[in-house]
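A.B. asks: Everything below, folded, please.
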Amino acid sequence: MIRQAVRDCLSEFSFKRFLAAFDMLDDEVRRSTGMLVDKIDPQTVPMLEIEMASHLHSRRLRALSIARVIGPCQA
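C.D. replies: Numbering: from 1, shown residues only. Next up is the predicted model:
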């Protein structure tokens, strides 16, 4: 119940939003925001796996960059 309340209050830290803004963020913001997204959005790992399975090379490269800044998966 508490986790859901926190997720609702911090809904701007979603993987979908992070993915859309990733290329415009500097490295420090990528790291700090990525760590928050990983903790807040339970869909981070499944959506990152979808990006890594894309047939588009650019999406796979971005997914690898995101995985690097997020760090080890908490799942």
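A.B. asks: tell me, how many neighbours does the residue nearest to Asp23 when sequence neighbours are not counted end up with?
C.D. replies: Leaving aside its sequence neighbours, Asp23 sits nearest to Arg62 (Cβ to Cβ, 6 or more residues apart in numbering; 7.2 Å). Just so you know, the C-beta spots here come from the backbone N, C-alpha and C atoms, and that holds for glycine as well. Using other Cβ atoms under 10 Å, Arg62 has 17 other residues around it.
A.B. asks: Residue ranges in this protein under the pLDDT threshold?
C.D. replies: Residue ranges of the chain with pLDDT under 70: 72-75.
A.B. asks: could you redo the last one with a cut-off of 90?
C.D. replies: Counting by pLDDT under 90, the chain shows low-confidence ranges at 1-13, 39-40, 70-75.
A.B. asks: Find the centremost residue of it, please.
C.D. replies: For the chain, the residue nearest the mean C-alpha position is Phe15 (4.0 Å; Cα atoms, centre = their mean).
A.B. asks: Going along the chain, name the helices of the protein.
C.D. replies: 2-9, 15-21, 27-40, 44-52, 57-70 (DSSP state H).
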